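S.K.: requesting a structural model of the entry that follows:
(one chain, ligands or ions: 2)
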Amino acid sequence: MNIVIFGAPGSGKGTQSERLIERYGLHHISTGELLRDHIARETELGKVADAFISKGNLIPDELMLDILEHELDAHPDAKGVIFDGFPRTIPQAEALNKMLEKRGTKVHAVVGLEVPEEELTRRLLKRGIDSGRSDDNAQTIAKRLDVYRRQTEPLKEYYNSRQAYHPINGSGDIDTIFNDITRIADSLA
Ligand code: ATP
Ligand code: MG
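M.R.: Numbering: from 1, shown residues only. Ligands and ions are numbered 1, 2, ... in the order given. Below you'll find the predicted structure:
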């Protein structure tokens, strides 16, 4: 079972992914966390990634896809994957289809956490107070939301036309949202 947790910055992808891996024993791939780990370790890749992330931009598809494929190969026995923060562009989604196809599997569902923009901004500003993240400040948040609208949001239509998009209300309380996600996940089994 491969599930994509989809949504704007601050929509709660990380929070819900943590719970999902616990419930279903899936492998969690958070591209944001992978990149932040490189930045913290000051690797070459981390230096490149930091320049994009701190400005609120996406890192280039080629680079992101290399990291993703490497991560899939590192966990060949995973019984399924929660993709968190990936794909974020149409080319990434197409590449993901090919990578999974090559491994005899596919994306089973894309769960969209839908949250109004004012609430996203509020959450991200709040997180910025103690996250220490270079991209959780007012200016970068506005840029990330703009990038989301232009480059990432079109994926809803991409997956909807493939009968894989499942929107859910992402602004309620954490337990209610999790329940809605498990209902979708359980219907796949
Ligand atoms: P959330 O709060 O819902 O977990 P987020 O947008 O705050 O989402 P991450 O998913 O952790 O945070 O991503 C942080 C940054 O890492 C992005 O703004 C982007 O620069 C980079 N990044 C993460 N995933 C990708 C990707 N698939 N393609 C390109 N860049 C990415
Ligand atoms: Mg995250």
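S.K.: say whether ligand 1 is contacted by the helix or strand containing His70.
M.R.: Assessed by DSSP states H and E, His70 sits inside helix 61-74. Yes. Helix 61-74 lies within reach of ligand 1 by Cβ under 6 Å from any ligand atom, at Met64. Every residue, glycine included, has its C-beta placed from N, CA and C.
S.K.: now that helix: buried residues?
M.R.: For helix 61-74, burial by neighbour count (16 or more other Cβ atoms under 10 Å) applies to 61, 64-65, 67-68, 71-72.
S.K.: can you check stretch 126-134 too?
M.R.: Buried residues in stretch 126-134, counting neighbours by 16+ other Cβ under 10 Å, are found at 128, 133.
S.K.: how far off centre is it?
M.R.: Centre-to-centre, stretch 126-134 and its host chain are 18 Å apart (Cα atoms, centre = their mean, to the nearest Å).
S.K.: just the CA atoms of it, as CSV, please.
M.R.: C-alpha atoms of stretch 126-134 as CSV (Å, rounded to 0.1, in the frame of the first residue of the first chain):
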residue,chain,number,x,y,z
LYS,A,126,3.5,29.6,15.0
ARG,A,127,5.8,26.7,14.1
GLY,A,128,8.5,29.2,13.1
ILE,A,129,8.8,30.5,16.7
ASP,A,130,10.5,27.3,17.8
SER,A,131,11.2,25.1,14.7
GLY,A,132,14.4,26.9,13.9
ARG,A,133,13.5,26.3,10.2
SER,A,134,15.0,28.9,7.9
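S.K.: is any residue of that stretch near ligand 2?
M.R.: No. Stretch 126-134 lies apart from ligand 2 when judged by Cβ under 5 Å from the ion; the minimum separation is 9.6 Å.
S.K.: what's that stretch in contact with?
M.R.: 10, 36, 50, 53-54, 136-137, 140-141 (Cβ atoms under 8 Å, 6 or more residues apart in numbering).
S.K.: one more pass at 7 Å, please.
M.R.: 53-54, 136-137 (Cβ atoms under 7 Å, 6 or more residues apart in numbering).
S.K.: wait, does it make contact with ligand 1?
M.R.: No. Judged by Cβ under 6 Å from any ligand atom, stretch 126-134 and ligand 1 are separated, with a smallest distance of 7.4 Å.
S.K.: can you pull out the strands in this structure?
M.R.: 3-7, 27-30, 81-84, 109-114, 165-169 (DSSP state E).
S.K.: elements contacting the longest one?
M.R.: Contacts of strand 109-114 with other secondary structure elements, assessed using 3 or more Cβ pairs under 7 Å, 6 or more residues apart in numbering; DSSP states H and E, are made with strand 3-7, strand 165-169, helix 174-188.
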